[in-house]
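1. Sequence plus the predicted model coming up.
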Protein chains: 2
Amino acid sequence: MQFECLKTDNSARLSKLYLNDTIDLPVFMPVGTQGIVKALLPDMLSDMGYKLMLSNTYHLYLRPGVDIIEAFGGLHKFVNFKGSILTDSGGFQVFSLSDLRKVTQEGVRFKSHIDGSYHFFTPEKVLELQFRFKSDIAMVLDECPAYGLEKSLIEKSLDITLNWAKRSIKVQKPSHSAVFGIVQGSVFKDLRKKSALEISEMGFDGIAIGGLSVGEPKQAMYEIVEFTTQYLPKDKPRYAMGVGKPEDIVTLVGFGIDMFDCVMPTRNARNGCLFTDYGNINIKNAIYAKDESPIDEHCNCYTCKNFSRAFLRHLYKAKELSFYTLATIHNLMYYNNLMKRIQNAIYNNEFEKFSKNYLEASKYGHS
Amino acid sequence: MQFECLKTDNSARLSKLYLNDTIDLPVFMPVGTQGIVKALLPDMLSDMGYKLMLSNTYHLYLRPGVDIIEAFGGLHKFVNFKGSILTDSGGFQVFSLSDLRKVTQEGVRFKSHIDGSYHFFTPEKVLELQFRFKSDIAMVLDECPAYGLEKSLIEKSLDITLNWAKRSIKVQKPSHSAVFGIVQGSVFKDLRKKSALEISEMGFDGIAIGGLSVGEPKQAMYEIVEFTTQYLPKDKPRYAMGVGKPEDIVTLVGFGIDMFDCVMPTRNARNGCLFTDYGNINIKNAIYAKDESPIDEHCNCYTCKNFSRAFLRHLYKAKELSFYTLATIHNLMYYNNLMKRIQNAIYNNEFEKFSKNYLEASKYGHS
């Protein structure tokens, strides 16, 4: 993996990430937890211009299992996705999904949410799994503490995360995979600084900021990201994990973040919540019952080019599966177009103006 | 609408139906109850070669309602399907879905399964609805009695169905719609004969055989169709409503049936049941966990060209929505290919041989 920063506009960065594909940054990565974005076919993702998807080690390890994926020659071949894949380590899912877990310095023991079986993840094991998946970008194991815990607990957790990172960087990695370290520290600036400096020091291919969007106030999240970014190396890509809403992405690009992922566009789509620059359209609303216009007249997605709000509302009300596909296409196209507009604004030294206008127009928010 | 029988091979017929599109018969019509085939996009249907879809008057009348569909310029435009549409009258759904119904010679009063509201369908009204949908083929209102009722009840029901048909043929129809009559009579040959002769006499554009696949033994269904067909005009298309399994279609083509519809390929797909010439593949079966081959090596569908059984099983087990799309594509392609093979066999005077071989190979059945 190679990273090249082409241009900065204040703190915002226009960059390229060279994997199998060349990825233009800032980038949004759609979430394909099980190796596929919910309700889409892999080709649809490529057709929309997405060349990098996020999948999840925890889920794929539990089912179908690494042996099967490896036998197919890796995750890309198993799921037949022609782009690149970043895999989350599964740390977050161990903490959010599994019934029972026990964290020690050695690793984390957890109970599968699928069949109740017990498993043990170590920093070394989750990297080995991701290498066997042939992930283009593998994430280290970290502990992602909940928001609101007292500082002493966060300190203890960060100690484990940093020790795990030290073990991770020593793992021999294959040529096909890059490895990103993860900064934790909750909302405590001194812990974030310590974490950022130590992780940056270790020599990972990229740096992620984890523990965001876990319940903290939006302003706290913004403050922490802006604060943390100053301690990150300039020559490595920066990834804000699990972020976020369109306005969060625009804001964090302004702090120098390059990569994003979030279930919001896909999950909201399935709930009938469709993105536009002027806030969300909730398609179940009766005002759309006879509306012949597309979701967004300015949108170039397949859904907007072919279907009316009234028809989409009909599908939603009738619980037709096709709705989920059409809505997901629109929301992911909205996100991809947003990233292109961001890239364009940085290229033209107009990011601040773009950001101000965008945040003003969407002030009622994307929820 | 025009109908042209190009060729017969014993009783099997190779024909063309001229709607907006030219439809090659025998044809299978995928079921798009709400105006869309479940889990598909309209373009996928066209890409597979389907030019005629079935939708449902009962469902579309209740939601979104005829006013909205008419305001869009008809159902094709509302749902953006580029092919032709046959609409079922809704008679069957009134009898199978609504909580309460009262049939009189005047019509049928029923309670919506959606919101409990009361509605009244008459033969005239269901045709008017379908004409306002701009259906290419509209079906008359009929009563579809359950299997196993005693003959006196079936006679009484048939009397109503025939009276409704007489009223239906008198309804002024627009140039864009053809109207098909429906033969009923359950498993009683004398009633089927009476029904077939009277309906044929009335001058509908095509004749449907209704009341099939409602629980009667398969042999009884075959006997009734073979028996009934002899009383139908040769210069009109014949449609076996709600049929059926691939082996039923092959068998009924041999009796001179031209048109079919059934939820089986689409519903089975969503249940993980995938069609091949050698019976079904139940994708959840553990033997497919590591299987790198496609569902069917001879199949030219998008799913078989791109995905393995192991990956499809993974999606099914993970309840991924994309599975429903991929499985539906395969099963509908299987059906469309089957119809092409049937047409080809008739063209080459080899239908009997084809039928024998097909039924032998699939003797374990498609369930």
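-> All right, it came through fine. Numbers count the residues shown, from 1 in each chain, chains lettered A, B, ... in the order given.
2. gap between whatever residue of the stretch 151-300 of chain A ends up closest to chain B and A:Ala327?
-> Residue nearest to chain B within the stretch 151-300 of chain A: A:Lys290 (5.5 Å; C-beta to the nearest C-beta). C-beta coordinates here come from the backbone N, C-alpha and C atoms, glycine included. Here A:Lys290 is placed at a distance of 19 Å from A:Ala327 (C-beta to C-beta, to the nearest Å).
3. Looking at the two, which is more packed in?
-> Between A:Lys290 and A:Ala327, counted using other C-beta atoms under 10 Å in any protein chain shown, A:Ala327 has the larger neighbour count: 27 against 16.
4. ok so, going back, the residue of the stretch 151-300 of chain A closest to chain B touches B:Glu70, doesn't it?
-> No - counting by C-beta atoms under 8 Å, A:Lys290 does not reach B:Glu70; the two are 10.8 Å apart.
5. mind listing what the most centrally placed residue in chain A touches?
-> Nearest to the mean C-alpha position of chain A, by C-alpha atoms, centre = their mean, lies A:Asp261 at 1.6 Å. Contact analysis of A:Asp261 by C-beta atoms under 8 Å, 6 or more residues apart in numbering or on different chains lists A:28-31, A:54, A:86, A:239, A:241-243.
6. beta partners for it?
-> With DSSP bridges as the criterion, A:Asp261 is bridged to A:Met29.
7. Give me every residue in the stretch 201-350 of chain A lying close to chain B.
-> Residues of the stretch 201-350 of chain A lying near chain B by C-beta under 8 Å from any C-beta of the partner chain: A:289-290, A:292, A:302, A:306-308, A:310-311, A:313-315, A:317-318, A:320-322, A:324-326.
8. Are any of these buried, and if so which?
-> A:289-290, A:302, A:307-308, A:310-311, A:313-315, A:317-318, A:320-322, A:324-326 (16 or more other C-beta atoms under 10 Å in any protein chain shown).
9. I'd like to know how many residues surround the residue nearest to A:Cys301 when sequence neighbours are not counted.
-> Computed as C-beta to C-beta, 6 or more residues apart in numbering or on different chains, the closest residue to A:Cys301 that is not its neighbour in sequence is A:Met333, at 3.5 Å. A:Met333 is flanked by 25 other residues according to other C-beta under 10 Å.
10. buried ones in the helix or strand that A:Met333 is a member of?
-> Assigned by DSSP states H and E, A:Met333 belongs to helix A:321-347. For helix A:321-347, burial by neighbour count (16+ other C-beta under 10 Å) applies to A:321-339, A:342-343, A:345-346.
11. Kindly indicate whether A:Gly181 is helix, strand or coil.
-> Reduced to three states with DSSP: H, G, I helix; E, B strand; the rest coil, the structure at A:Gly181 is strand.
12. does it really touch A:Lys166, like I thought?
-> No - using C-beta under 8 Å, A:Gly181 is not in contact with A:Lys166, being 9.8 Å away.
13. With neighbour numbers in mind, choose between those two.
-> More crowded of A:Gly181 and A:Lys166, by other C-beta under 10 Å: A:Gly181, with 29 against 14.
14. what pairs with that one across the strands?
-> Residues in a beta bridge with A:Gly181, per DSSP bridges, are A:Ile207.
15. Could I get the pLDDT score of it?
-> Note for A:Gly181: predicted pLDDT of 98.
16. follow-up on the earlier one: counting only helices, which of the residues of the stretch 201-350 of chain A next to chain B make the cut?
-> A:302, A:306, A:310-311, A:313-315, A:317, A:321-322, A:324-326 (DSSP state H).
17. Now the phi/psi pair for the closest residue to A:Ser168 other than its chain neighbours, please.
-> Using C-beta to C-beta, 6+ apart and skipping residues adjacent in sequence, the residue nearest A:Ser168 is A:Val140, 4.1 Å away. Main-chain torsions, A:Val140, degrees, to the nearest 10: phi -70, psi 160.
18. related to what we said a few turns ago, and the angle for the helix holding A:Met333 with helix A:309-317?
-> 120 degrees (axes from the mean of the first three to the mean of the last three C-alpha atoms, to 10 degrees).
19. moving C-terminal of helix A:321-347, what's the next helix or strand?
-> Using DSSP H and E, the helix or strand that follows helix A:321-347 towards the C-terminus is helix A:351-361.
20. for that next one, packing partners?
-> helix A:246-253, helix A:321-347 (3 or more C-beta pairs under 8 Å, 6 or more residues apart in numbering or on different chains; DSSP states H and E).
21. Pull the residues that contact it.
-> Outside helix A:351-361, the residues that touch it by C-beta under 8 Å, 6+ apart are A:9-10, A:12, A:246-247, A:250-251, A:253-254, A:277-278, A:341-342, A:345.
22. what two of those residues have the greatest distance between them?
-> For the contacts of helix A:351-361, the farthest-apart pair by C-beta to C-beta is A:Asn10 and A:Tyr278; their separation is 26.0 Å.
23. In terms of pLDDT, where does the single nearest residue of the stretch 251-367 of chain A relative to chain B sit?
-> Residue nearest to chain B within the stretch 251-367 of chain A (C-beta to the nearest C-beta): A:Leu321, separated by 4.1 Å. A:Leu321 is assigned a predicted lDDT (pLDDT) of 98.
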